[in-house]
Structures are given as C-alpha cells and as structure tokens.
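Trainee: this one's sequence-less:
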C-alpha cells in the first residue's frame, strides 16, 4: 500500500497521524473501495474523549464494526458494502435518526479512487433537509406512559429505600427528558445532546430536571420530578389509554 494516496485533513496532533495509521491498516486488511472520516475531531469540535469515526466501503459481503486504538486515539470503524449505505439511510430515517446522514454529509474523504463519496454526500445532505415531523398519537401516549410509570416506580421505591429510589429517580428524569424530545418534531439527538435539546424545547422543564437530579435533599428532588412529570406527561403515574387492536393470525 506504499503507493496509495490518502487525503488526510489538517488535524492537530496526534489525530492526523492516527487517522493515517488507521486508514493504512484498513487498506492492508480489507478490499477497500473508499474511506470516510467524520465526527467531532474532523469538524474541529472535539472533546477530550472524542474518537475518530471511520466509515469504510469495501468489496466484501459483510458488515463489521471495529474499535481500535491508533497512537492513543480511539477509532470507531464501520465496514459496509457500498449498496448497504442506502439501506442505512432508509432505516435511520424511519427511526428519526440522522447519524449516518451526518457522517456522509460532514465527513472528509480520505480515500476514494472511484469517486463514490460525492454522490453519497449529496444524498445525505438532501436527507438532512427533511426534518421529521411529530410521532403518531399512539407513540406519544406510549412514550408518556412509560416515562410516567417510571416516575411512579421511583416514588414507590423511595418510600421503601431512599438510596435506591434516588437512583431510579435519576432514570425517571432521563426518561421524561427523552419523552419530551421524542414526541416533538425533529431528528433524534445523541445522548449527550439530549439535555440541550430538551432545554431548547422547554427551559422551565429543564430547570426542574436539573433540580430533580442535583438538589441535596431527596424530598426536593422528588417534588421537582413530580412537577416535571406532570408537565411532560400530564400525569404522575398510571393513566388510562387504549392501544391498537392486534388481530390473531388465522
């Protein structure tokens, strides 16, 4: 692979050399068609624990994920045949996920001798222009019920075991945040972006969530979570709803 030309972005050390080492290793091991690098490191917004996202199109008939270290940099590597990418776009969109589209829209081509990546980038950009609408009424009800039920469980547990109840309360608050974000239009964010998205949608609710997870007194946290639960779901636990009728197969 000595004659292979790689287009490595201008990245701060050690990311550029790590990406080059990773890419050359992939070219040695697989029948590679193209390599794309993406993520916060490539965009220049890396956190101290950020990793390199490396998407590899290859001529094999399999998908595979690899987690590797290169020069101390964690690399998440995704191998796919080219025809699989369209299916990934479709399945992600159906679940209101934009991760694959973001990778191909914002990523940098490291190796692309057959010039396949520009067309995939254009497709990804078109996908991201179509913001998903709100979920169905039934999905909204189910999501609210699950979150409200978890808060109810946290209340019950806190009465018997305050320490364990406090742990479950944190989970319940997280589910309430997820509930609010899920039922609103838009792409589903990464976990670490969920609180910020929740604050965009409901600043007062975000203040309650912060109080429910950080107040030193459990009673205060429970009351804040109760108000948050009512705000997001309209209930504090069990509420009536009717699901779809599912006919038994003949």
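Mentor: Structure's in. What do you need? Model, not experiment: these values are computed from the prediction.

Trainee: going forward, measure contacts and count neighbours with C-alpha atoms only.
Mentor: Noted.

Trainee: tell me where this protein has helices.
Mentor: Taking DSSP state H as the criterion, the chain contains helices spanning 15-29, 40-43, 82-94, 99-106, 117-128, 137-160, 162-183, 194-201, 203-214, 218-233.

Trainee: out of the ones you listed, nearest to residue 57?
Mentor: Closest approach to residue 57 among those (C-alpha to C-alpha): helix 82-94, 5.5 Å.

Trainee: pull out the buried positions in that closest one.
Mentor: For helix 82-94, the neighbour count (16 or more other C-alpha atoms under 10 Å) marks 82, 85, 88-89, 92-93 as buried.

Trainee: now that helix: average pLDDT?
Mentor: What helix 82-94 shows for mean pLDDT is 92.

Trainee: elements contacting it?
Mentor: helix 99-106 (3 or more C-alpha pairs under 8 Å, 6 or more residues apart in numbering; DSSP states H and E).

Trainee: how far does the helix it packs on sit from its chain's centre?
Mentor: Between the centre of helix 99-106 and the centre of its chain there are 12 Å (C-alpha atoms, centre = their mean, to the nearest Å).

Trainee: swap in stretch 29-47?
Mentor: Distance, centroid of stretch 29-47 to centroid of chain: 17 Å (C-alpha atoms, centre = their mean).

Trainee: how about the helices of the chain in JSON lines, adding distance to residue 55?
Mentor: Converted to JSON lines, these look like this (distance: least, C-alpha to C-alpha, whole Å):
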{"stretch": "helix 15-29", "distance to residue 55": "10"}
{"stretch": "helix 40-43", "distance to residue 55": "13"}
{"stretch": "helix 82-94", "distance to residue 55": "10"}
{"stretch": "helix 99-106", "distance to residue 55": "8"}
{"stretch": "helix 117-128", "distance to residue 55": "11"}
{"stretch": "helix 137-160", "distance to residue 55": "32"}
{"stretch": "helix 162-183", "distance to residue 55": "27"}
{"stretch": "helix 194-201", "distance to residue 55": "25"}
{"stretch": "helix 203-214", "distance to residue 55": "35"}
{"stretch": "helix 218-233", "distance to residue 55": "38"}
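
Trainee: so which of those comes closest to residue 67?
Mentor: Closest approach to residue 67 among the helices of the chain (C-alpha to C-alpha): helix 15-29, 10.9 Å.

Trainee: next up, the contacts around residue 65.
Mentor: Under the criterion of C-alpha atoms under 8 Å, 6 or more residues apart in numbering, the neighbours of residue 65 are 76-79.

Trainee: from those, which is closest to residue 165?
Mentor: residue 76 (35.7 Å).

Trainee: please pull out the lowest mean pLDDT helix or strand from the chain.
Mentor: Here the helix or strand of the chain ranked lowest by mean pLDDT, DSSP states H and E is helix 40-43, holding a mean of 90.

Trainee: identify each buried residue in that helix, please.
Mentor: Using 16+ other C-alpha under 10 Å as the test for burial, helix 40-43 gives 41-42.

Trainee: what helices and strands are in contact with that helix?
Mentor: So helix 40-43, by 3+ C-alpha pairs under 8 Å, 6+ apart, packs with strand 52-58.

Trainee: could I get the average pLDDT for the strand it packs on?
Mentor: Mean predicted confidence for strand 52-58 is 96.

Trainee: that strand pairs with which strands?
Mentor: With DSSP bridges as the test, strand 52-58 is paired with strand 32-38 (antiparallel), strand 73-80 (parallel).

Trainee: how near is the residue nearest the centre of the chain to residue 178?
Mentor: Against the mean C-alpha coordinate of the chain, by C-alpha atoms, centre = their mean, the closest residue is residue 190 at 3.2 Å. Residue 190 sits 11 Å away from residue 178 when distances are taken as C-alpha to C-alpha, to the nearest Å.
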